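Kindly return the folded structure for what I paste below:
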Amino acid sequence: MPIKVQSGLPARETLERENVFTMDENRAMHQDIRPIEVGILNLMPLKEETELQILRELSNTPLQVDVTFVAVSSHESRNTSSSHLNKFYNTFAEIRERKFDGFIITGAPVEQMEYEQVDYWREFQEICEWTKTNVTSTMHLCWGAQAGLYHHYGIPKYILKDKMFGLFEHKVSNRKIPLVRRLFSCASFQAHGGAQRGHRESAGAYDSCRVKGSGGVPFDGRQREKDICDGSS
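Sure, this is the predicted structure:
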């Protein structure tokens, strides 16, 4: 089924070359189907690359997906043009009254900074609180996962001596969780830091998957299973 994206989005041309079915707003208006509404808070500096990566993954669903890209207004992007942001992105203020089936919060290259030092931290926190009432299920990716655990649970991160990256053998802790039901035993993982297992457990988060022989946890979940924190990339 198609992904609905705005006309002119650069990623659309690449997706169509890869035989991913996309449609613009005009065609979507004539579809007699209720699409899945997914918001994407894109915190990455190279936003067009991230758009393409996430849209590729969303194309694997049999459902029609209506995507809304969101950018923080408290940070000025230096790697993506203002014309691209103005045309294809919404601010949080513009979507505040909307409801979403799913919401994706990406990572950002700020892992080695204290959370409170990130210039959009307060806006990030406001968005996290908003997802509790306006979003059915939220997925946090990479730094967004660490920041989500810190905001929702007060779980601190610890910085690794060296960046951890590569292919690692994984152990799925609970196959009943839909997200990891068909996860392979080997997956990519990279991060400058993570969260201690003891901190996660005491805060009520659980591991659905962990890297064998290390403290790395690619997937954390909240006990309500409303939020998933994906620590891999």
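
Return the residues in contact with Ala147.
105, 115, 124, 140 (CB atoms under 8 Å, 6 or more residues apart in numbering). Heads up, the C-betas are built off the backbone N, CA and C, glycines and all.

Can you classify it by secondary structure?
Secondary structure, DSSP: H, G, I helix; E, B strand; the rest coil: Ala147 is helix.

cool, and Gly166?
Assigned with three-state DSSP, Gly166 falls in the strand class.

Leu15 is in contact with Ile54, isn't it?
No. The criterion here is CB atoms under 8 Å, and Leu15 misses it with Ile54 at 11.1 Å.

about what we covered before: export the contacts of Ala147 to TSV and tack on distance to Lys99 and pLDDT?
As requested, those are exported to TSV (distance: CB to CB, whole Å; pLDDT from 0 to 100):
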residue	distance to Lys99	pLDDT
Ile105	17	96
Tyr115	27	95
Phe124	20	98
His140	19	91
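
Could I have the buried ones of the residues you listed as PyMOL selection syntax?
Buried members of the contacts of Ala147, defined by 16 or more other CB atoms under 10 Å, are picked up in PyMOL with:
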select buried, resi 105+115+124+140
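
And the contacts of Ala147, which is closest to Asp66?
Closest to Asp66 out of those is Ile105 (17.9 Å), distances taken as CB to CB.

Now do the contacts for that closest one.
Contacts of Ile105 (CB under 8 Å, 6+ apart): 41, 43, 127-128, 138-141, 144, 147-148.

Could you tell me how far it is located from Ile40?
8 Å (CB to CB, to the nearest Å).

Not counting sequence-adjacent ones, nearest residue to Glu51?
Once flanking residues are discounted, Glu51 sits nearest to Ala11: 4.6 Å by CB to CB, 6 or more residues apart in numbering.

So the one you found, which state does it fall into?
helix.

any idea of the pLDDT on it?
We have a pLDDT of 88 for Ala11.

Just give me the neighbour total for it.
Neighbour count for Ala11, taken as other CB atoms under 10 Å: 22.

In this structure it contacts Lys47, no?
No. Using CB under 8 Å, Ala11 is not in contact with Lys47, being 9.8 Å away.

what does stretch 44-54 rub up against?
Against stretch 44-54 from outside (CB under 8 Å, 6+ apart): 9-11, 14-15, 40, 42, 69, 71, 77-80, 84-85, 89, 104, 106-109.
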